[in-house]
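Asks: I would like to see how this sequence folds:
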Amino acid sequence: MAWSLFGKKKKTVEAAEEPPPDIELAVDGVTLSHEAASPSATDGEEGGDVDLPFPEGDPEGEGGGLDADRVGAEDLVSRQPGGVPAGFALGDVERADRPGPAQEKKGLFRRLAEGLSKTRKNLNDGFDRLVGAHVKLDEPFMEALEEVLLSADIGIDLTTRIVADLKKDVKKNLLKSPGQVVGFIKEKLISIIESEVEDTGADTDVVPRVILVIGVNGAGKTTTIGKLTARLTREGKSVLLAAGDTFRAAAIEQLATWAERSGADLVRHQQGSDPAAVVFDALAAAKARKRDVLIVDTAGRLHNKENLMKELEKIRRIIGREIPSAPHEVLLVLDGTTGQNAVNQARLFGEIIGVTGIVLTKLDGTAKGGVVINIMDQLRIPVKLIGVGEGIDDLRPFEPREFVEAIFTGASLPVE
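Replies: Predicted coordinates for the structure are as follows:
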């Protein structure tokens, strides 16, 4: 089964109720609502991590201290006529002449297979070497098979278990030739990642649904948020983004660009501000505007691990205080090209912050796509989204069987 980030999909989409704007500006028939500016609760030196006094009514000094109907001065919403998010071409939205479900599914699978081509080639080349060197399911064959699986970063523990189970079936005469090995491995991998992983994300109808996105710099957090936002707005959901990475120079502007393209709201403060204040104001704005989804971007300064984790804990505490059931998802974005290091990062963030799902990016740039299975097997954390290309539609829900089929497409051993 595929894990859903958002529970049951609404059958109808009602227009979100907007609070009365202080300023309305019509440009070329498009109304832009821009709410009154309000002072940021925190302001510090560029790149610093400061905590200045907060207004009364926020005794813990953890939020922006702003009323629910007031947001940051640069919070802006824009859409093209007809509800199409600003910045999107017609090809980016639902159209009457789009391919039917069956044809579209084939196209999606083809893009997935193309994105995983390096991993698939790695496996296929390995199986070709097996064919050339072995004709029986003997011990040398098993040792060579281990090397093939490890080359795809499937992991030592999982590889050892697969080969051990394969030997048992060979002894029972259930498998008699190399030609049966690929099918055995595929089904083994699918059963592991379908049955051994528990989805701990909150399945709730609470609005807004809060998604906290974490991960180290360079993993692709902001781009992932942008693609996810585009997908959600095309499904008819209203989205608000919180620019919580106030330390990286380009992060705020990058998120602003994605918000504009997707027709999403954005709450931002000045660079160097307290990220917790940004999140507090974003929560207030999302509740006041009745947005369906709030996505929170965060910093990822791994070189300062202790401060990073304290910051993330503070943000999570504020979210839970303002919306008791939130965050409903904590998505950890990992760079698939880092292999085993991605597993180590997932373990660290999971132990300290708690992770409900993983987004694995840049799988099109690695021959070790098996790290997806390795993470799920070792950490029991579901991989919910995978990135297999640069396009918006190349961020896709992770479906175990489809993924395994894609990396084994064309892989076969001759039947004797």
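Asks: which ones are touching I352?
Replies: I352 makes contacts with M309, L312, E313, as judged by CB atoms under 8 Å, 6 or more residues apart in numbering. Just so you know, the C-beta spots here come from the backbone N, C-alpha and C atoms, and that holds for glycine as well.
Asks: Compare the residues you listed and tell me which is most surrounded.
Replies: Sorting the contacts of I352 by how many neighbours each has (other CB atoms under 10 Å) puts L312 first, at 23 neighbours.
Asks: Correct me if wrong: that one contacts I353.
Replies: Yes. At 5.2 Å, L312 counts as touching I353 under the criterion of CB atoms under 8 Å.
Asks: Need the overlap of contacts for the two.
Replies: I214.
Asks: The helix or strand harbouring E260 packs against which elements?
Replies: Using DSSP states H and E, E260 maps to helix 251-262. In terms of contacts (3 or more CB pairs under 8 Å, 6 or more residues apart in numbering; DSSP states H and E), helix 251-262 is packed against helix 221-234, strand 239-242, strand 265-267.
Asks: where along the stretch 51-200 of the chain do the helices fall?
Replies: Applying DSSP state H, counting those that start in this stretch to the stretch 51-200 of the chain gives helices spanning 101-115, 117-133, 139-151, 156-171, 181-195.
Asks: contacting residues around R231?
Replies: So R231 contacts I392, L395 (CB under 8 Å, 6+ apart).
Asks: how close does it sit to K186?
Replies: R231 is 28 Å from K186, where distance means CB to CB, to the nearest Å.
Asks: where does the protein dip in pLDDT?
Replies: 1-108, 131-132, 134-135, 195-203, 302-304, 367, 410-416 (pLDDT under 70).
Asks: I'd say G215 and I225 touch.
Replies: No. Between G215 and I225 there is no contact, the gap being 10.6 Å when judged by CB under 8 Å.
Asks: gap between F349 and N374?
Replies: Applying CB to CB to F349 and N374 gives a distance of 16 Å.
Asks: about what we covered before: which of the helices and strands packed on helix 251-262 has the highest mean neighbour count?
Replies: Burial of those is given as mean neighbour count (mean count of other CB atoms under 10 Å); strand 239-242 ranks first at a mean of 30.
Asks: Only alpha carbons, please: show that strand as CSV.
Replies: C-alpha atoms of strand 239-242 as CSV (Å, rounded to 0.1, in the frame of the first residue of the first chain):
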residue,chain,number,x,y,z
VAL,A,239,-1.3,25.9,1.6
LEU,A,240,0.6,28.3,3.8
LEU,A,241,4.4,28.1,4.0
ALA,A,242,6.6,29.2,7.0
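Asks: In its sheet, which strands sit next to that strand, and in what direction?
Replies: strand 265-267 (parallel), strand 293-296 (parallel) (DSSP bridges).
Asks: re the thing from before, list the buried residues for the helix holding E260?
Replies: A251, I252, Q254, L255, A256, W258, A259, E260, R261, S262 (16 or more other CB atoms under 10 Å).
Asks: between those, which is closest to D297?
Replies: D297 has its nearest neighbour among the buried residues of helix 251-262 in L255, at 5.8 Å by CB to CB.
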